[in-house]
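Visitor: The amino acid sequence is not available; the structure is as follows:
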């Protein structure tokens, strides 16, 4: 069940319980227990569904609910005050510190153990203000009430104190957790508990506040359950990724209100009573609030000083980085800066990892994936587990669980790759969360410093003539210097190997294929025009063996450099690489067996077709094509023949399409066709007809003909406008086409979706039921019409669904047939039925031992080893073969599978009776009744129902009985509903019958009792 639906149903249920609690005072105790139990179940369901990282606080929360329910149930009188505290009162009071512990547990998990002195002071300030209100209106009046005993007064004080404790911890949770729905529900629950307690405490003093206790603790239970069912309940047990805001307007407003509580109470007391009771308490709490506010302001000032210190540390780090001459000095400056940014003497470690720039350097897939994330996030610092970083860094940070990872990224880096390196800082989680923003600023400065050092080193290296000469002489790339007239003035030694000779003095365009010379002229003009370097351009040329080669060109304008004074053109032979890229591209987008487009290319072309159709208003159609019975070809003729058949089918499908259309193989024997640039959906249906016509002709493989029969599902853009929707609709239409028979197409209709979803849900549930054994057997007697005694029983399977109860077979047998689940289900039915009849035969006398009739599907007969399975089941149950009758359908009579009939003959020789079920409803040939191993005909119920009112039906039944007598077959009439049916069938000579006139289907025990009482149940 979806989470939202579960939450809504739970909320409605708890609302109903609240209404019952408020409106029916006599029901309050059982309703409260039921509400608490529902909350506990909701928490258990939430933990199973959302799987929080830490289950402890939620389990403890269930204990709080159980204590509350137990306390409420134990306190039968509903009063918390007596000469001695009741067990219920004690249980209720124990719940308050436990609830506060739960909330504090959430705080520890959410903050990762970081220290938040400001939030603590804010919570204490707010609690102090509320405590003053609680003393003024609840605690003080109860303590001054002379009618209360000392014990009663202490109990009256204990409940508000517990509420204040929970309120204080709740305030801390709100500042530490962020805006999570689960926290919101917990807040509602705690506040509802507080209001309920206030109402319960003030009822003895003031009757007008009794409405606050109207719903008791049911709002608390409802809030706990809704918090557990919320998906955010798992997030509540994980550390928050970034620190929350320090001080916002809402918190300032709450602090101001808390500070104004004392003067407001004084004004109210003087204006109403003319005096201020307990002035010392008011003064003490007011002073406490004032001191807390002062401490909070001191904390704000400390934070400000810390921010200034961090700013000073960053400035000092910037100066150190500017003067750094190499990476080691940069690392030392970073470590010094991080030590200044963190609190003094805090254990930490800094690791500066440089990005790998050598292409041949080995890089693990995990490190490559992390580098991709670093490039995407830029310099944003993120908190990661130490085990998730590269092992070379993790081994240096093993003493810390979490690491602050900040990439060093320069988006406009001249070398191309923006990732310079990664700065890692290990330490306590709470300290790392406060370091994020400062570390991001430091990371930017470090990246600039490293880039400056790298560029300086590169300039120094490039100024070395020896280095340049060595590089040019040994590179495999061709380096050319071209003058203003496009003539090659210099060529590196590798030019002779790539171009087949020394190109010095030759015009550069003469080296390039004539078809690419015009493009080359444009590139050279663009470089000379100041448009910047031209890189990664492919040009064709003639190599040393007079064969065409592909050259990758890079061109830079260095005419201003007096050492070069020309265009530098770098050529690299990429012939083999481009050929491999083309082959890989073709393999990535085409099916290797048929050469058709694969699923990826088909989806891409479908997206483009939809975009064109949206612009010009044309219709796009998708066809899913699936070969019928292709598995039989593979199983009987081999996979090699199956592959040849797929190749031939692919050719015929492609031949039936237009040039604008696309044929694809999606996998196995599944094909697809994309029809575009048509104006009428009917053109898509015509395409399906052409494909079926193309597949109608036999396909000759290895000298023998094979028939390719296909089912086709169709959908077009009028039904959907997205690729996913079209593919899903075509698949549904294909499913319907297969269900309707072979060699035809069906078009998607809107009602198919809901029916398919319902069918898939039924299939999934049925699969679970087969694995878990959620089936039961009922038995309907087969009665001798002359003696009214049972000679056998037909075993009828029922599905015991956990929600829907017992389901009849007509609702799930078809799905079981389609999915193949009928095979294990039929095996279970056979074994269970034989086990039951074996028990009957051990109890009943020999003269009255019945047989059992079991329905068997065609798929079961087609399973290899079915005869051996029947023999094994009979042997295991310990019953003779004559005690079993197998019922088959008339569709089996139409087949030509001699193996099935040979198996039936073996079973008949063994002693098993073979019956034709629902005889007369199919298209059976009477010749089969004489030639095949058949013992029993079961006349379908539809003939029996109309027999009394139709002479034609009566004559037909009489003919079937007479035909069976002639062929020496036994007849069983199904569906005998009244005495008239029985009398006429007995007169016609029908020996056996079954139906509700005798008995409805019974379980095994009831059937045994029916056997001992031969009178029909319907006549009893």
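Guide: Noted; the coordinates are in hand. Small disclaimer: the values here were computed from a predicted structure and weren't measured. Residues are numbered from 1 along each chain as shown.
Visitor: so who does residue 103 touch?
Guide: By C-beta atoms under 8 Å, 6 or more residues apart in numbering, the contact list for residue 103 reads 166, 169, 170, 172, 173, 186, 190. Every C-beta, even on glycine, is put in place using the N, C-alpha and C of the backbone.
Visitor: ranking the residues you listed by neighbours, who comes first?
Guide: Ranked by the number of neighbours (other C-beta atoms under 10 Å), these place residue 186 first, at 29 neighbours.
Visitor: tell me what the host helix or strand of that residue is packed against?
Guide: In the assignment (DSSP states H and E), residue 186 maps to helix 181-202. Packing contacts for helix 181-202, counted by 3 or more C-beta pairs under 8 Å, 6 or more residues apart in numbering; DSSP states H and E, involve helix 87-111, helix 150-177, helix 218-229, helix 232-235.
Visitor: what angle do that helix and helix 218-229 make?
Guide: 170 degrees (axes from the mean of the first three to the mean of the last three C-alpha atoms, to 10 degrees).
Visitor: got the angle between helix 181-202 and helix 87-111?
Guide: 150 degrees.
Visitor: For helix 181-202, what is the distance to the chain centroid?
Guide: Distance of helix 181-202 from its chain centroid, counting by C-alpha atoms, centre = their mean, to the nearest Å, is 35 Å.
Visitor: ok, which stretches of the stretch 651-800 of the chain are helices?
Guide: Applying DSSP state H, counting those that start in this stretch to the stretch 651-800 of the chain gives helices spanning 681-696, 723-740, 752-772.
Visitor: dump the residue contacts of residue 720.
Guide: By C-beta under 8 Å, 6+ apart, the residues touching residue 720 are 726, 729.
Visitor: and it, what pLDDT?
Guide: Looking at residue 720, its pLDDT stands at 85.
Visitor: quick one: least confident helix or strand in this structure?
Guide: Every helix and strand in the chain was compared by mean pLDDT, DSSP states H and E; the lowest is helix 465-474, with a mean of 55.
Visitor: Which strands and helices lie in contact with the following helix or strand past that one?
Guide: Following helix 465-474 in sequence order, the next helix or strand is strand 478-482 (DSSP H and E). Packed against strand 478-482 by the contact rule (3+ C-beta pairs under 8 Å, 6+ apart) you find strand 488-491, helix 495-499, strand 566-573.
Visitor: any idea which of those is most buried?
Guide: Counting by mean count of other C-beta atoms under 10 Å, strand 566-573 has the highest mean neighbour count of the helices and strands packed on strand 478-482, with a mean of 21.
Visitor: who does that one pair up with?
Guide: Looking at strand 566-573 with DSSP bridges, its partner strands are strand 478-482 (antiparallel), strand 548-558 (antiparallel).
Visitor: Those strands: which one's closest to residue 676?
Guide: strand 548-558 (33.4 Å; C-beta to C-beta).
Visitor: Report the buried residues of the closest one.
Guide: 549, 550, 551, 552, 553, 554, 555, 556, 557 (16 or more other C-beta atoms under 10 Å).
Visitor: right, and out of those, which lies closest to residue 478?
Guide: Ranked by distance to residue 478 (C-beta to C-beta), those are led by residue 551 at 7.9 Å.
Visitor: can you pull the contacts of the nearest residue to that closest one once chain neighbours are set aside?
Guide: Using C-beta to C-beta, 6 or more residues apart in numbering and skipping the chain neighbours, the partner closest in space to residue 551 is residue 571 (4.6 Å). Counting by C-beta under 8 Å, 6+ apart, residue 571 touches 477, 478, 479, 480, 495, 498, 499, 541, 551, 552, 553.
Visitor: and what of residue 342?
Guide: Counting by C-beta under 8 Å, 6+ apart, residue 342 touches 348, 427, 431, 435.
Visitor: Contacts only, for residue 699.
Guide: 645, 648, 649, 652, 705, 706, 707, 708.
Visitor: what's the pLDDT at residue 189?
Guide: Confidence at residue 189, expressed as pLDDT, is 80.
Visitor: Quick check: closest non-adjacent residue to it.
Guide: Per C-beta to C-beta, 6+ apart, closest to residue 189 is residue 223, 2.9 Å.
Visitor: Am I right that the one you found is in contact with residue 186?
Guide: Yes: contact criterion C-beta atoms under 8 Å: residue 223 and residue 186 qualify, at 6.4 Å.
Visitor: secondary structure class for the residue lying farthest from the centre of the chain?
Guide: Here the chain reaches farthest from its C-alpha mean at residue 505, the gap being 66.9 Å by C-alpha atoms, centre = their mean. Following DSSP: H, G, I helix; E, B strand; the rest coil, residue 505 is assigned to coil.
Visitor: shouldn't it be in contact with residue 486?
Guide: No: at 11.8 Å, residue 505 does not count as touching residue 486 under the criterion of C-beta under 8 Å.
Visitor: can you give me phi and psi for residue 484?
Guide: Here is the backbone geometry of residue 484 (degrees, to the nearest 10): phi -70, psi -20.
Visitor: Pull the contacting residues for it.
Guide: Counting by C-beta under 8 Å, 6+ apart, residue 484 touches residue 566.
Visitor: per-residue pLDDT, it?
Guide: We have a pLDDT of 85 for residue 484.
Visitor: same check, this time on the one 3 residues further on
Guide: On the pLDDT scale, residue 487 is placed at 89.
Visitor: Apart from its neighbours in sequence, what residue is nearest it?
Guide: Nearest non-adjacent residue to residue 487, counting by C-beta to C-beta, 6+ apart: residue 507, 5.6 Å away.
Visitor: do the same with residue 781
Guide: residue 790 (4.1 Å).
Visitor: Could you count how many residues lie near that neighbour?
Guide: Other residues near residue 790 come to 23 when the count uses other C-beta under 10 Å.
Visitor: for stretch 958-978, which positions count as buried?
Guide: Quick answer for stretch 958-978 (16+ other C-beta under 10 Å): 958, 960-961, 964, 969-977.
Visitor: I'd like the distance from stretch 554-561 to the chain centre, please.
Guide: Put simply, stretch 554-561 sits 55 Å off its chain's centre (C-alpha atoms, centre = their mean).
Visitor: Ok, stretch 803-814 next?
Guide: Distance of stretch 803-814 from the chain centroid (C-alpha atoms, centre = their mean) equals 28 Å.
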